[in-house]
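Asker: coordinates for the following, if possible.
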Amino acid sequence: MLPKWLRVERIVWLAFASALALSGHAFAESTQSNTSVFSPASTPAAQEFQLGLFVFSITAAIFVVVGGLLTYVVIRYRARPGDEQSEPPQVYGSNQVELAWTVIPVLIVVVLFLTTARVIFAIQDAPKPDSALEVTVVGHQYWWEFRYPKQGIDAVNEIHVPLSSADHPAPTYLKLLSADTDHSFWVPRLSGKTDLIPNHPNDLWIEPMQPGLYLGQCAQFCGVQHANMLLRVYVDTPEQFAAWAANQAKPGVQDSSVAAGRHVFETQACMNCHTVKGTAATGRFGPDLTHIMSRDTIASGMIPNTQDNLKAWIKNPDTFKPGCLMPAMQLTDEQIDQVTSYLETLK
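Answerer: You can find the predicted model right below:
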């Protein structure tokens, strides 16, 4: 039968190995997630990821060395049957050991500081090419507004940016503003989070190298619906982005077959909060609805943009986002159907 100390040691190392296996499985799963920081798809995110790996490698090496020495000491100098129960010889200092445990940590801290500073400055001081896209991001309770000043576009909750490549770099530079309280723009696979602070503009840039959809959300508590302030970043090919921008620059389509719904929209206070370009609706308090049907979701990424969800949202927004600032307009079922039909023409 194994000695008690050896059984304990085996149990400890088995638990440690199990924890490593579970963490490895969790890491493998996280790299497949659309919100994983372990699978960067943008230049600044990749730089931050490499820095994280470097720091983790150093701290892991420290853990292995310290843990290994501690394990060795516990086993090597454990009490054995027949040992004298007297106090062992005492060592009252070693200049070599004290010098080592002072100099080595200082060197480690200096290396980590210099490496971190280099990455920070590389991201913050990156040159802005002429081909860069400029977008102004405005955080609201609880939705996102995206303004493209050069293209004359206003988008909501879903931001489209062009794909960048080594041959044709096309980074996107974001100017971050807040319309009310603190928010934070965070798309894990594209960049680190940056706060939106009232009266204090911040800047952020991304350079997606892979097309597709990237998910993010507000990462700074901003109120009761903070967790449901989601955002979606669509990385399009240059051709796809040009087509999207051209469509978004158009005014809202005016279809005479839904005139009743437009009339309800413009006479029931909807137009006081929302804009539909090309009509009398010029409200700025709520999201721009000029091309609402070109979006995959509504309610800041909360629900798919379907007819049934749109009707339910108009009838009572609190059904999906309790505490949101859009009130229930107390419309009749017929009016809700008419407004929904009108909105479905805005593509």
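Asker: hey, let's count contacts and neighbours off CA atoms from now on
Answerer: Noted.
Asker: contacts made by stretch 194-207 with the rest, please.
Answerer: For stretch 194-207, the external contacting residues (C-alpha atoms under 8 Å, 6 or more residues apart in numbering) are 42-44, 138-139, 163-164, 169-186, 190-191, 220.
Asker: per-domain residue ranges of the protein.
Answerer: Under the assignment automatic domain parsing, the domains of the chain span 37-77+96-126, 133-248, 256-343.
Asker: the last one: how far from the chain's middle?
Answerer: For domain 256-343, the separation from the chain centroid amounts to 27 Å (computed by C-alpha atoms, centre = their mean, to the nearest Å).
Asker: try the shortest one
Answerer: The chain centroid and the centroid of domain 37-77+96-126 are separated by 25 Å under C-alpha atoms, centre = their mean.
Asker: ok, back up a step: can you redo the domains of the chain as CSV, where the extra columns are mean neighbour count, distance to residue 89 and mean pLDDT?
Answerer: Listed next are the domains of the chain as CSV, based on neighbours: other C-alpha atoms under 10 Å; distance: least, C-alpha to C-alpha, whole Å; pLDDT from 0 to 100:
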stretch, mean neighbour count, distance to residue 89, mean pLDDT
domain 37-77+96-126, 14, 13, 93
domain 133-248, 19, 53, 93
domain 256-343, 17, 68, 89
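Asker: with distance to residue 88 as added columns, please give those domains in JSON lines.
Answerer: Listed next are these as JSON lines, based on distance: least, C-alpha to C-alpha, whole Å:
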{"stretch": "domain 37-77+96-126", "distance to residue 88": "11"}
{"stretch": "domain 133-248", "distance to residue 88": "53"}
{"stretch": "domain 256-343", "distance to residue 88": "67"}
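Asker: one step back: just the ones of the contacts of stretch 194-207 in helices?
Answerer: Counting by DSSP state H, the contacts of stretch 194-207 place 43, 44 in helices.
Asker: of the contacts of stretch 194-207, which belong to strands?
Answerer: 138-139, 172-178, 183-186 (DSSP state E).
Asker: next, work out how far apart residue 158 and residue 137 are.
Answerer: Distance, residue 158 to residue 137, by C-alpha to C-alpha, to the nearest Å: 11 Å.
Asker: the stretch 201-347 of the chain: helices as residue ranges?
Answerer: Ranges of helices within the stretch 201-347 of the chain are 238-248, 259-267, 270-273, 307-315, 333-343, based on DSSP state H, counting those that start in this stretch.
Asker: actually the stretch 1-150 of the chain, not the one I typed
Answerer: Counting by DSSP H, counting those that start in this stretch, the helices of the stretch 1-150 of the chain are 4-31, 43-76, 95-124.
Asker: and the last one, what other elements does it pack with?
Answerer: In terms of contact count using 3 or more C-alpha pairs under 8 Å, 6 or more residues apart in numbering; DSSP states H and E, helix 95-124 is assigned the packing partners helix 43-76.
Asker: other SSEs contacting the helix it packs on?
Answerer: helix 95-124, strand 202-206.
Asker: residue 248: which of these is closest?
Answerer: strand 202-206 (21.7 Å; C-alpha to C-alpha).
Asker: name every strand pairing with the closest one and say which way it goes.
Answerer: Strand pairing for strand 202-206, determined by DSSP bridges: strand 172-178 (antiparallel).
Asker: for the strand it pairs with, C-alpha coordinates in CSV please.
Answerer: The C-alpha coordinates for strand 172-178 follow below in CSV (Å, rounded to 0.1, in the frame of the first residue of the first chain):
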residue,chain,number,x,y,z
THR,A,172,-12.0,51.7,-39.8
TYR,A,173,-11.5,54.6,-37.3
LEU,A,174,-14.2,55.1,-34.8
LYS,A,175,-14.9,58.3,-32.9
LEU,A,176,-16.7,57.3,-29.7
LEU,A,177,-19.3,59.6,-28.2
SER,A,178,-22.1,59.3,-25.6
